[in-house]
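J.: Just to be clear, the model below is a prediction. Sequence and coordinates:
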Amino acid sequence: MRLIPLIAALSLCAAPAFADDDDEPKFGMAGLLSATNSEDLPPILLSAGQPLADAPLRLKSGTYYEIEIEADGSQELALEGSGFFRAIWIDEIVIEGLEIRPLGLDSVEFDEAGTMEIGFVAIKPGRYELRVPQSRGDLQRLEITIE
């Protein structure tokens, strides 16, 4: 049968590439696993009457980001941005050591002071925003561009 040569060829293709005889792989991490493909973003501050951030965010599609959302407890505040949350892949949300891995997200809300960290990959290029619901001013809105 011809099946045995095919299996032998496939097993050779699946073997890792090794440098010399020391059984060490000669290739390193790539893509999302590489340290050069991740970035910490400046935090978002949820506080009554204060700006969410100092400047708009510019993200690169395919890059892994971590951002902290901090609420000072001055008021019960939420942050919505369904368009943005659908343009990213959320790896995890961490709240006081609890790790949450959601399939999707529409908004988050803080009833009291606290910090939330979101790890995500920017996917879909475009212009998005996060905003405090029912707010009218630019202070309570954060523009985000994914390139």
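T.: It's in. Residues are numbered from 1 along each chain as shown.
J.: Grab the nearest non-local neighbour of residue 44.
T.: Nearest non-adjacent residue to residue 44, counting by CB to CB, 6 or more residues apart in numbering: residue 69, 4.7 Å away. (Glycine included, C-beta is placed from N, CA and C.)
J.: Identify the bridge partners of the one you found.
T.: Per DSSP bridges, the residues bridged to residue 69 are residue 44, residue 116.
J.: tell me the contacts of it?
T.: Residues counted as contacts of residue 69 (CB atoms under 8 Å, 6 or more residues apart in numbering) are 43, 44, 46, 79, 108, 110, 115, 116, 117, 118.
J.: Quick check: the gap between it and residue 94.
T.: Distance, residue 69 to residue 94, by CB to CB, to the nearest Å: 11 Å.
J.: tell me the contacts of residue 112?
T.: 71, 73, 76.
J.: quick one, what contacts the closest residue in space to residue 52 that isn't next to it in sequence?
T.: Counting by CB to CB, 6+ apart, the nearest residue to residue 52 once its immediate chain neighbours are dropped is residue 142, at 4.5 Å. The neighbours of residue 142, taking CB under 8 Å, 6+ apart as the test, are 44, 52, 53, 56, 57, 129, 130, 131.
J.: Helix or strand, whichever it is, which one in this structure has the lowest mean pLDDT?
T.: Using mean pLDDT, DSSP states H and E, strand 18-19 stands out as the lowest-scoring helix or strand of the chain, at a mean of 48.
J.: would TSV of the contacts of residue 112 with distance to residue 63 and pLDDT be doable?
T.: Listed next are the contacts of residue 112 as TSV, based on distance: CB to CB, whole Å; pLDDT from 0 to 100:
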residue	distance to residue 63	pLDDT
71	26	96
73	32	94
76	32	94
